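Engineer: pasted the sequence and its predicted model underneath.
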Amino acid sequence: MEAETEAMLALNYLDRSNSTFHRTEGGFVSLDTQEKHYNRVQVFRTFPFTGKNMYISIREPDEKAKEIGVIHNLDKDVDEETRKMLTEQMELRYFTPIITKVKNVKEEYGFAYFDVVTDHGPCRFAIHMSGNAVVHLTETRLLITDLDENRFEIPDTSKLTGKELKKIGLFL
């Protein structure tokens, strides 16, 4: 039991000297380390809002998502092709449209219905009024998670118009 716990707590750093990443035919990423071949891996940011390229966690793709290892610095520890491939995977995982305009927010039966314009076009989504659907990352930066766990960001509420601020006032 002690050896198992020690193995779980050990931090295994991955870099160009001990690991090789490949793109699979299906567009996923595989990994060869000194110890093992992984047909598919998942790529996670451990600090997604502050350190986008630092401490990148590489995990098994099952429901337990056991960590295989960590890339300390994506900009320095892997080659350019690997950096691009892993960044691409993280951009898919952390896709977060920026809300550029709040057209309307309607509250009804414990839900809020948003009609917004994002940097990827118009969008409508709903959130639970209770819980952590709206998170303040800073005093003026909001992260909104809808019912389907899609994320949207308002990077600076101070840049919204007075009418827009009034519409999201319940969340400020």
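Structural biologist: Cool, the structure landed.

Engineer: dump the residue contacts of Thr82.
Structural biologist: Residues near Thr82 by C-beta atoms under 8 Å, 6 or more residues apart in numbering: Arg16, Phe21. Where you see a C-beta, it was placed from the backbone N, CA and C, and this is true even at glycine.

Engineer: any idea which element it lies in?
Structural biologist: Assigned by DSSP states H and E, Thr82 falls within helix 80-93.

Engineer: and the next helix or strand past the helix or strand of the chain with the lowest mean pLDDT?
Structural biologist: Ranked by mean pLDDT, DSSP states H and E, the weakest helix or strand in the chain is helix 2-9, scoring a mean of 67. Once the chain leaves helix 2-9, the next helix or strand it forms, by DSSP H and E, is strand 19-23.

Engineer: next, the buried residues of the helix holding Thr82.
Structural biologist: By 16 or more other C-beta atoms under 10 Å, the buried positions in helix 80-93 come out as Thr82, Arg83, Met85, Leu86, Thr87, Gln89, Met90.

Engineer: which residue, neighbours along the chain excluded, lies closest to the last one?
Structural biologist: In space, and not counting its chain neighbours, Met90 is closest to Val43: 5.3 Å by C-beta to C-beta, 6 or more residues apart in numbering.

Engineer: strands of this protein, start to end?
Structural biologist: Taking DSSP state E to define them, one finds strands in the chain at 19-23, 29-33, 37-45, 54-59, 67-73, 99-108, 111-118, 121-128, 134-136, 142-145, 151-154.

Engineer: could I get those strands in a markdown table, plus columns for distance to Lys167 and mean neighbour count?
Structural biologist: Converted to a markdown table, those look like this (distance: least, C-beta to C-beta, whole Å; neighbours: other C-beta atoms under 10 Å):
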| stretch | distance to Lys167 | mean neighbour count |
| --- | --- | --- |
| strand 19-23 | 43 | 18 |
| strand 29-33 | 41 | 17 |
| strand 37-45 | 31 | 17 |
| strand 54-59 | 36 | 19 |
| strand 67-73 | 41 | 18 |
| strand 99-108 | 5 | 14 |
| strand 111-118 | 9 | 17 |
| strand 121-128 | 14 | 14 |
| strand 134-136 | 13 | 15 |
| strand 142-145 | 13 | 19 |
| strand 151-154 | 12 | 18 |
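
Engineer: for Gly162, which of those strands is the nearest?
Structural biologist: Comparing the strands of the chain by their distance to Gly162 (C-beta to C-beta), the top pick is strand 99-108, with 11.3 Å.

Engineer: give me the most central residue, the protein.
Structural biologist: Centrality entry for the chain: nearest residue to the mean C-alpha point is Tyr94, 3.1 Å, by C-alpha atoms, centre = their mean.

Engineer: understood, closing this out.
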